[in-house]
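*Asks:* sequence first, then the predicted structure:
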Amino acid sequence: MKLPRILARPIAAAPPHPSVQLVSDLAARLEASARRRLGRGLALRHIGTGGCDGCALELIAARSLVHELDSLGLRFVDSPRHADALLVSGPVTRNMREALEQARAAMPEPGFVVALGDCAMDGGVFKGSYAVEGGVEAVMPPDLRIPGCPPNPRQVLEGLLALMEAQA
Amino acid sequence: MTATEWLTAPQWEALAADAELPLLALWGEPGIVRAAFQDGDALRLVALLAEDGQYPSLSRARPSAALFERAAHDLWALEPVGTPDGRPWLDHGNWPVLNPLSGRPVRHATPPSLPEFLPAEGEALHRLPMGPILPGIGEPGYLHLSVAGETIVRLEARLGYAHKGTLGLMPGKSPRAAARFPARMQAEATVAHSLAFALAAERATGAEVPPRAIALRAVMAEIERIAVHLRVWQQVLELAGPSPLADQAGLARETLLAASQIAFGHRLLMDRVMPGGVALDLEERGLSILRDALLLLAQDLPRLGRATLRHGPLMEALAGLGTIRHDQARAYATGGPTARASAVMTDARMLGDTPYVELDLEIPLQADGDAAARLEQRIAETVESRRLLATMLDALPDGPVSVSLPQRAGEGAALVEAAHGPCLAWLALDDGGLIRAAMARDPGWGLWPLLEAAAPGTTTERLPLLMAGLGLTMSGMDL
């Protein structure tokens, strides 16, 4: 009879888990800067401009990692009209340029534009293709760049935090 | 080497009507139109010389060819004669050139025109446009809805917003140098696309991949499958279930991604499968972390699965939502959990020479074809993939993890089961072993038409729930 693995072998190391330290550090910093801003949060709108969607997956992971993101002042909104910052991922395909420009125009001033990931920074591996503009920069100046292919949730959160602190 | 059958025009047209051969993909090269069919458990590749760029349209007899024909026209200037739908698909009028892969692209002179949509008939219909920036965090796409009150009468999707010209970036590069492109076709199928591409390159050159590399690739493919299923599961729960359960699904996914980072050096396993093998070996520490992650999942998944499937309001919302018939899922070569939830027994892992043959792969199947069946299917597949993974990790062969590919001409193709359905890769190499032409078929091609078929009758309020469970993605299909 084969023993179930759980009996046959003890758990050797602590299970891999999002670092509790990271989450609490971020939470503390988020809370501090949110307080300075008298509770007014930073409303974020993600715009995928035709990347592989890896950046969006990691953004979703970042959102579910720090669960109290909302109460700390970072929240996601559906319309660019309600956003303080656009998080732009992807190399900005020619087919998405107009939509990105319209979203920027709809966002109230002063709005921030974040280039999320290598593609959004300069087109990434798709640089030079007939079908891409080659990053956010080719269309509008980004206020913040978060490198990575894709950036992991820690990098995403660090970036958002920097934006929040700069704005406070 | 994978052989392509060269057909005459009448033979090509005869294939069009053969319902026993689901169409996986249709693509081109300058002056050549190519297609891949699923012939039972085998892959059948055919090609036809397109004189003056014209070929007999398959889409009249076979609606599943329609989007491929529209895309092939935009990219290779191949004109399907007799097509009922000649509208552009990927080309929205914004590229600097027309027909960029046709070998003789011309400058794009006319300004972009507004897309045309199929008419919907009925009284008091309203049009509800959505996109290309859709609600939530995700990819671009445009949904053209015709609604009567809250009920959807017709849904037509317009994609192509994520068209990056990937197929145009691959020629002239070695398979190894070009591997970063299939890895970025679609993040939710980065392992699957990379694996299909690697297998195609290895078949084209006759390379023999070491057993350890084959096993590690299967490990990564199953990690990806579980992680993607968990994300879909999480999203469905966020939309219609209790949020604590959604958090648990998200945490289970995070456990696996964090373990992947340690074991393979990348959370999403991007650029880990390479032509000739894998990019890096799995070390002892990584192996132990992966095993621990699987132990956690072994405890959590069955409980989470039961809690999900017993949640009354959730299952009520999913029951009867977006029912897809057996014949629809078969005709579009949809495969994946969506087809298997409509009782279509198909899985590329069952094809002849895969590492799954010795593992007693058990493929669950559901009959109802609705959103509830699709969620149940994904949950069952998650549990089975976890079992497979644990078995595979206990029996990893030793040895090297990659070989270099011989530099020679050849043609190869491969079909790999991704989390959402089958990924096909095809490539042709020139005498120097560099890519002459390539194609990647994403599961999206088989899923978006089914959304259009399943959405009518649903309310706009339920649409996000329907879409979440189908696992619709854009980038891979937009090329």
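*Replies:* Cool, the structure landed.
*Asks:* quick check: residue B:445 touching residue B:23?
*Replies:* No. The criterion here is Cβ atoms under 8 Å, and residue B:445 misses it with residue B:23 at 9.2 Å. Every C-beta, even on glycine, is put in place using the N, C-alpha and C of the backbone.
*Asks:* list residues touching both of these two?
*Replies:* Common contacts of residue B:445 and residue B:23, defined by Cβ atoms under 8 Å, 6 or more residues apart in numbering or on different chains, comprise B:68, B:333.
*Asks:* any residue of the helix or strand hosting residue B:425 touching chain A?
*Replies:* For residue B:425, the element it lies in under DSSP states H and E is strand B:422-429. No. Judged by Cβ under 8 Å from any Cβ of the partner chain, strand B:422-429 makes no contact with chain A; its nearest approach is 13.4 Å.
*Asks:* which strands and helices sit next to that strand?
*Replies:* strand B:23-29, strand B:32-39, helix B:190-205, strand B:410-417, strand B:435-441 (3 or more Cβ pairs under 8 Å, 6 or more residues apart in numbering or on different chains; DSSP states H and E).
*Asks:* now do that strand: distance to the chain's middle.
*Replies:* 12 Å (Cα atoms, centre = their mean, to the nearest Å).
*Asks:* and what of stretch B:309-320?
*Replies:* Worked out by Cα atoms, centre = their mean, stretch B:309-320 lies 27 Å from the chain centre.
*Asks:* stretch B:74-85 now?
*Replies:* On Cα atoms, centre = their mean, the centre of stretch B:74-85 falls 23 Å from the chain's centre.
*Asks:* that one: end-to-end distance?
*Replies:* Distance between the two ends of stretch B:74-85: 13 Å, counting by Cα to Cα, to the nearest Å.
*Asks:* cool, and stretch B:452-462?
*Replies:* One end of stretch B:452-462 to the other measures 14 Å (Cα to Cα).
*Asks:* close to chain A, is that stretch?
*Replies:* No. Stretch B:452-462 does not reach chain A (Cβ under 8 Å from any Cβ); its nearest approach is 14.4 Å.
*Asks:* can you list the buried residues in that stretch?
*Replies:* For stretch B:452-462, the buried set under the neighbour-count rule, 16 or more other Cβ atoms under 10 Å in any protein chain shown, comprises B:453, B:454, B:455, B:458, B:460, B:462.
*Asks:* swap in stretch B:390-407?
*Replies:* B:390, B:392, B:393, B:401, B:402, B:405.
*Asks:* which of those lies closest to chain A?
*Replies:* residue B:390 (6.4 Å; Cβ to the nearest Cβ).
*Asks:* what helix or strand is the closest one located in?
*Replies:* Here residue B:390 is assigned to helix B:371-394, by DSSP H and E.
*Asks:* other SSEs contacting that helix?
*Replies:* Here helix B:371-394 touches helix B:211-240, helix B:284-309, helix B:312-318, helix B:336-340, helix B:463-470, going by 3+ Cβ pairs under 8 Å, 6+ apart.
*Asks:* most neighbours per residue, which of the ones you listed?
*Replies:* helix B:336-340 (a mean of 30; mean count of other Cβ atoms under 10 Å in any protein chain shown).
*Asks:* helices or strands next to it in the packing?
*Replies:* By 3+ Cβ pairs under 8 Å, 6+ apart, helix B:336-340 packs against helix B:326-331, helix B:371-394, helix B:444-454.
*Asks:* quick one: the strands in chain A?
*Replies:* A:42-48, A:74-76, A:85-89, A:112-116, A:144-146 (DSSP state E).
*Asks:* and the contacts of the fourth one?
*Replies:* The contact list for strand A:112-116 (Cβ under 8 Å, 6+ apart) reads A:46, A:55, A:59, A:84-89, A:104, A:121, A:135-137, A:140-146, A:151, A:156, A:159-160, A:163, A:167.
*Asks:* quick one on the thing from earlier: so which of the helices and strands packed on helix B:371-394 is nearest residue B:357?
*Replies:* The closest of the helices and strands packed on helix B:371-394 to residue B:357 is helix B:211-240. By Cβ to Cβ, the value is 10.8 Å.
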